[in-house]
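Student: let me see the structure of the following:
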Amino acid sequence: QVQLVESGGGSVQPGDSLRLSCVGSGRALSRPGMGWFRQAPGKPHEFVAAIAWHGYGAQYSRAVGGRFTISTGSAENTVILQMNNLSTEDTAVYYCAAGKTVADVRNNVTLYWGQGIQVTVSS
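Tutor: The predicted structure is shown next:
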């Protein structure tokens, strides 16, 4: 059974930064692609960023490119999302996702999901 656990969310002001982390466990996770999606109130679930297990091949949505950076952590099956220059438009529940490849994550194909973590940006 795969488990993805997110941490690092919270409430910040516009222009601030936050760092989300996700640690995955489970025998089914073997050199996975990992990434992040988000869902804001009244809006559809959307892709944010994804990266391959070896730390290369990062992909971003247009909405966050240049402000967010995804990376792999030092521990196996760990992914980090550094979010800079946050705006109110970034307010959402952020979900960690894992799949066989980074392409699977990018295309939302057969993914494992975390429970989600709230990020609120308000003045």
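
Student: so what's the residue count around Arg19?
Tutor: 13 (other Cβ atoms under 10 Å). Just so you know, the C-beta spots here come from the backbone N, C-alpha and C atoms, and that holds for glycine as well.

Student: quick check: it touching Val79?
Tutor: No. In this structure Arg19 lies outside contact range of Val79 using Cβ atoms under 8 Å: 11.4 Å.

Student: tell me which residues form a beta bridge with the spatially closest residue to Gly10 that is not a sequence neighbour?
Tutor: Closest residue to Gly10 apart from its sequence neighbours, by Cβ to Cβ, 6 or more residues apart in numbering: Leu18 at 6.4 Å. Listed by DSSP bridges, the beta-bridge partners for Leu18 are Met83.

Student: count of neighbours near Leu18?
Tutor: Neighbour tally, Leu18, other Cβ under 10 Å: 21.

Student: Gln3 touches Leu29, doesn't it?
Tutor: No. Using Cβ under 8 Å, Gln3 makes no contact with Leu29, being 9.2 Å away.

Student: more neighbours, these two?
Tutor: Using other Cβ under 10 Å as the criterion, Gln3 and Leu29 rank with Leu29 on top: 19 against 13.

Student: which residues touch the closest residue to that one other than its chain neighbours?
Tutor: Leaving aside its sequence neighbours, Leu29 sits nearest to Asn77 (Cβ to Cβ, 6+ apart; 5.2 Å). Counting by Cβ atoms under 8 Å, 6 or more residues apart in numbering, Asn77 touches 23-25, 29, 32, 34, 53, 98.
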